[in-house]
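Trainee: test case, fold it:
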Amino acid sequence: MESARCKAFIESVERGSFRAAAEALGYTPSAVSQLVAALEKELGLNLLVRSKKGVTVTSEGEKLLPIVRSYLAREKEMYELASEMQGISVGNLTIAAYPSVAITWLPEVVRTFQNDYPDVQFSLMEGIREEIFGHLNDHSADMGFMAYAEPMDYEWTPLAEEQIIAVVPENHRLAGAKSYPIKDCEKDSFIMTSWGNDMEVLNIFKKYKVAPEIKFTTYDTPATLAMVRMGLGVAFVNELSAQYWNDHLVKLPLDPPQKVEFGIAYTSHEHMTKAAKKFYDYALRYLKEKE
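Mentor: Next up is the predicted model:
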């Protein structure tokens, strides 16, 4: 099975048309169409439905997607290992991460890594928990930087602990307090990240048997904090994600105090590419020196 055919298939599915896939791969639309057709003939299956609006994956193609992605990932691993044996550190590295990690820890880790391995190409995909899990499942990311919460179905390496804090408007009744009692969240309009599925926060609710009125849900922390700043409610967030937000809102430790463990999730350390293993080591070293 030729990798060019597999790449054409994957890009066509992800981008929704042969034209867009061709732009990403540096081919002509006709070449991409022919590559996918050749793969379909080789497998004896229809993988895509063609229409004037573009292409969509068939049920057979949907089932094959994870296997094709895994095939390409192992091919990448093979070539990077061969390069490593020649003393050449090259390759591609894709990192999935919470936005909070992407704007705090990762830039320094990437800068240090790139100084030593300038030929490694980086892609950074920011996302919430479900998106990071999706990237790990389909092998589109080498690893994910995120907070730990059950269930965790991947290999896990802890990096650091961060406080979970309450963020309230500057005119809130507890703005001058030393802490925010967790039970008080039932008195306030609550703003929740991750479309209302922030597992770190939901676990706190479950642990302390509280059920606040979730008035608003957002995608990630910046939107949540902006809404808090406008007086629309309160939120619980990890301290890392609120690091650069200090105007017109108040950060308070929770009572009782709460922490969340940040770390790296990955499908298999054994099967990481050489570039991924090196970046993993750099991340561990950066956080250890930061302590």
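Trainee: residue ranges in the protein under the pLDDT threshold?
Mentor: In the predicted model of the chain, residues 1, 81-90, 290-291 satisfy pLDDT under 70.
Trainee: which parts of the stretch 51-200 of the chain are helices?
Mentor: 59-85, 99-102, 106-116, 129-137, 199-208 (DSSP state H, counting those that start in this stretch).
Trainee: give me whichever of the ones you listed is most buried.
Mentor: Of all those, helix 99-102 carries the top mean neighbour count, a mean of 22, counting by mean count of other Cβ atoms under 10 Å. (C-beta placed from N, C-alpha, C; glycine too.)
Trainee: report the distance from it to the chain centre.
Mentor: Helix 99-102 has its C-alpha centroid displaced from the chain centroid by 9 Å (Cα atoms, centre = their mean, to the nearest Å).
Trainee: which residues are contacting it?
Mentor: Here helix 99-102 makes contact (Cβ atoms under 8 Å, 6 or more residues apart in numbering) with 124, 126, 145-146, 220-222, 238, 240-241, 243, 262.
Trainee: try it again with 6 Å
Mentor: 126, 145, 220, 240-241 (Cβ atoms under 6 Å, 6 or more residues apart in numbering).
Trainee: repeat for stretch 187-204
Mentor: So stretch 187-204 is contacted by 128, 147, 149, 212, 214-218, 220-221, 224, 227, 233-236, 258, 260 (Cβ under 6 Å, 6+ apart).
Trainee: related to what we said a few turns ago, pipe the helices of the stretch 51-200 of the chain into TSV and attach distance to residue 193 per row.
Mentor: As requested, the helices of the stretch 51-200 of the chain are arranged in TSV below (distance: least, Cβ to Cβ, whole Å):
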stretch	distance to residue 193
helix 59-85	28
helix 99-102	10
helix 106-116	19
helix 129-137	10
helix 199-208	8
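Trainee: now do the phi/psi pair for residue 262.
Mentor: The phi/psi pair for residue 262 (degrees, to the nearest 10) reads phi -100, psi 150.
Trainee: got a list of what it touches?
Mentor: By Cβ under 6 Å, 6+ apart, the contact set of residue 262 is 147, 159-160, 162.
Trainee: now residue 241
Mentor: So residue 241 contacts 100, 221 (Cβ under 6 Å, 6+ apart).
Trainee: let's go with 10 Å and repeat that
Mentor: 98-101, 103-104, 147, 162, 164-165, 167, 193, 220-222, 224-225 (Cβ atoms under 10 Å, 6 or more residues apart in numbering).
Trainee: and it, helix, strand or coil?
Mentor: Here residue 241 is recorded as coil under DSSP: H, G, I helix; E, B strand; the rest coil.
Trainee: start to end distance for stretch 215-234?
Mentor: End-to-end distance for stretch 215-234, by Cα to Cα, to the nearest Å: 10 Å.
Trainee: using the record's assignment, carve the protein into domains.
Mentor: Domain segmentation of the chain under automatic domain parsing yields 1-88, 160-262.
Trainee: residue 272 is nearest to which of these?
Mentor: domain 1-88 (7.9 Å; Cβ to Cβ).
Trainee: how distant is the closest one from the center of its chain?
Mentor: 23 Å.
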